[in-house]
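Asker: below: sequence and its predicted model.
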Amino acid sequence: MAGPLRPRLRPLEIVPVASKGSPLFALRDPQGFCEPIVMPHGAALVAALMDGRRTLAQIQAAFRDRVGVPLALADLKSLVGRFDEAHLLQGDRFEALRRRIETAFLDAPVRPAAHAGRSYPDDPDELRQQLADHFDAENGPGAIDPSIQPDGLGLCGAISPHIDLYRGGPAYAWAYKRIVEQSDADVFVIFGTAHGPMGQLFAATRKDFDTPLGVVQTDRRFLDRLAERLASSVAGRLLDLDEDELAHRAEHSVEFQAVYLQYVLGGRRPFRIVPVLTGSFDDLGGAGVPPAESPEVQTFLAELRRTAEEHRGKVCYVGGADLAHVGQRFGDRWIVDARRRAMQERDDRALLAAACRGDAASFFRHVAEQGNRSRICGLSPIYMTIEAAAPTHGELLTYDQAVEPDGSACVSFASVALYRRQGGEKETHHGDPKQRTSGA
């Protein structure tokens, strides 16, 4: 099978796969254009050498230098051809696939459930059972009380994880039990992490979200009014909410919230969502510029608040956000052991305390002063949720860590309820949050 003479691997993740025999690695596509491919260590090393600069002969030489054994040219050509056919390499074959997939997404009226069947069941009955299990009183918050009618006087927002539902499901349940029992909002503005690059800080989509449990409608009128307001100011005109709509195609951080909202509210009362992906704030932190001094951030927040005030119903804000990503898989040199987990939990709880105070500035400063060494991927959506909801206090509902059995990686996450007291007086609620550490 033929392939490019200077093969260049696309921006893929190479991650170890649990195996009782020889080490295996998976090539995963964070952009979701192709399915993961599992391969032995040698093939994964060859893949890592495909940087677009090395010729086949240079890849052979580099492989021999690292492993000490030769790599036959015929075997290398075969591997390159297989990678190319699987759309793992940059080139004409992948570009044709990318154009087909992106055009189909933009033309579709509904965003497909991209992660159904992978991160959660695609069968409706199986999914309902899985989500019901998340409310188990042992690991979760207990079942939703159908007799409770939300008064809507306190809860103004929530922070929920965006880790896959198999590992983080009960943590979602803590946030969504509060939402269904304490919020009478009919619109939920969801801030999700954009895990891929974006040209803008914020990306919206006007597409409804399909889920195995039914379609979640997007409030297009709300988004249209927000876009109109942004266009009326100089800083706002710098923000094109449609420019990065393609970032929504495979992104899970909003999709998982839509699934959960459909489960707890579908058939209970009408609701719509306003899906917004937020780009990284790391550049702001690296430049020593807090979001409060960013014209784009502050203009977006100001016009979002005005749009929410014009809305005839009620608005609740949800941040779909995880916390730390640490361990060798994420670039650290150390194994995540009990001591490291405890250290990370202390730091995460200090960070979450700022969120529970409704103090977005301190939340951002805590991460920025550390150079985001823990890789808090939820920095921007949590900041935006706090600022948009303007809570006077919050409550940490649960904290958890998903740890790989070999200690190579740890992802931490939490659920927080945000409240706004009448009169604006601040009061911090720490509560007695459920906490556990789960294996990933």
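Answerer: Nice, I can see it.

Asker: remind me what the strand or helix carrying Ala61 packs against, helices and strands.
Answerer: Taking DSSP states H and E as the definition, Ala61 sits inside helix 56-67. When contacts are defined as 3 or more C-beta pairs under 8 Å, 6 or more residues apart in numbering; DSSP states H and E, helix 56-67 sits against helix 41-49, helix 73-85. Just so you know, the C-beta spots here come from the backbone N, C-alpha and C atoms, and that holds for glycine as well.

Asker: contacts for the last one, please.
Answerer: By that I understand helix 73-85. With contact meaning C-beta atoms under 8 Å, 6 or more residues apart in numbering, helix 73-85 is reached by 1-4, 7, 9, 43, 46-47, 50, 56-57, 59-60, 89, 91, 93.

Asker: and what of the first one?
Answerer: With C-beta under 8 Å, 6+ apart as the test, helix 41-49 has contacts from 9, 12, 14, 22-25, 27, 39, 59, 62-63, 66-67, 71, 76, 79, 83, 88.

Asker: need the pLDDT of the spatially closest residue to Glu387 that is not a sequence neighbour.
Answerer: Nearest residue to Glu387, sequence neighbours excluded (C-beta to C-beta, 6 or more residues apart in numbering): Ala360, at 4.8 Å. At Ala360, the predicted lDDT confidence score is 96.

Asker: ok, Ala360 - contacts?
Answerer: Counting by C-beta under 8 Å, 6+ apart, Ala360 makes contact with Pro291, Ala354, Tyr383, Ile386, Glu387.

Asker: mind putting the residues you listed into a markdown table with pLDDT?
Answerer: As requested, the contacts of Ala360 are exported to a markdown table (pLDDT from 0 to 100):
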| residue | pLDDT |
| --- | --- |
| Pro291 | 94 |
| Ala354 | 97 |
| Tyr383 | 97 |
| Ile386 | 98 |
| Glu387 | 97 |
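
Asker: and for the residue lying closest to Glu35 once chain neighbours are set aside, the neighbour number?
Answerer: Leaving out its chain neighbours, the residue that sits closest to Glu35 by C-beta to C-beta, 6+ apart is Asp29, at 7.8 Å. Close neighbours of Asp29, defined as other C-beta atoms under 10 Å, add up to 18.

Asker: just to revisit the earlier point, now the helices and strands packed on helix 56-67 as JSON lines including distance to Ala324?
Answerer: Below are these laid out as JSON lines (distance: least, C-beta to C-beta, whole Å):
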{"stretch": "helix 41-49", "distance to Ala324": "25"}
{"stretch": "helix 73-85", "distance to Ala324": "32"}
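
Asker: dihedrals phi and psi, Glu13?
Answerer: phi -100, psi 130 (degrees, to the nearest 10).

Asker: relative to His195, how far out is it?
Answerer: To His195, Glu13 is 10 Å away according to C-beta to C-beta, to the nearest Å.

Asker: which residues do the two both contact?
Answerer: With C-beta under 8 Å, 6+ apart as the test, Glu13 and His195 both reach Pro30.

Asker: all helices of the stretch 151-300 of the chain, in order?
Answerer: Ranges of helices in the stretch 151-300 of the chain, per DSSP state H, counting those that start in this stretch, are 165-182, 220-231, 252-265, 282-286, 295-310.

Asker: for Tyr419, find the nearest of those helices.
Answerer: With C-beta to C-beta as the criterion, Tyr419 lies closest to helix 165-182 of these, at 8.5 Å.

Asker: next, the angle helix 252-265 makes with the closest one.
Answerer: 50 degrees (axes from the mean of the first three to the mean of the last three C-alpha atoms, to 10 degrees).

Asker: okay, helix 165-182 in CSV with CA atoms only?
Answerer: What follows is helix 165-182, C-alpha atoms only, in CSV (Å, rounded to 0.1, in the frame of the first residue of the first chain):
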residue,chain,number,x,y,z
LEU,A,165,-20.6,9.2,32.1
TYR,A,166,-19.2,5.8,32.9
ARG,A,167,-16.6,7.3,35.2
GLY,A,168,-18.3,10.5,36.4
GLY,A,169,-22.0,9.8,36.2
PRO,A,170,-22.8,10.1,39.9
ALA,A,171,-21.1,13.4,40.1
TYR,A,172,-23.4,14.7,37.3
ALA,A,173,-26.3,13.5,39.4
TRP,A,174,-25.5,15.7,42.3
ALA,A,175,-25.6,18.8,40.1
TYR,A,176,-28.7,17.8,38.2
LYS,A,177,-30.7,16.8,41.2
ARG,A,178,-30.3,20.3,42.4
ILE,A,179,-31.2,21.7,39.0
VAL,A,180,-34.4,19.7,38.7
GLU,A,181,-35.5,20.3,42.3
GLN,A,182,-34.4,23.9,42.8
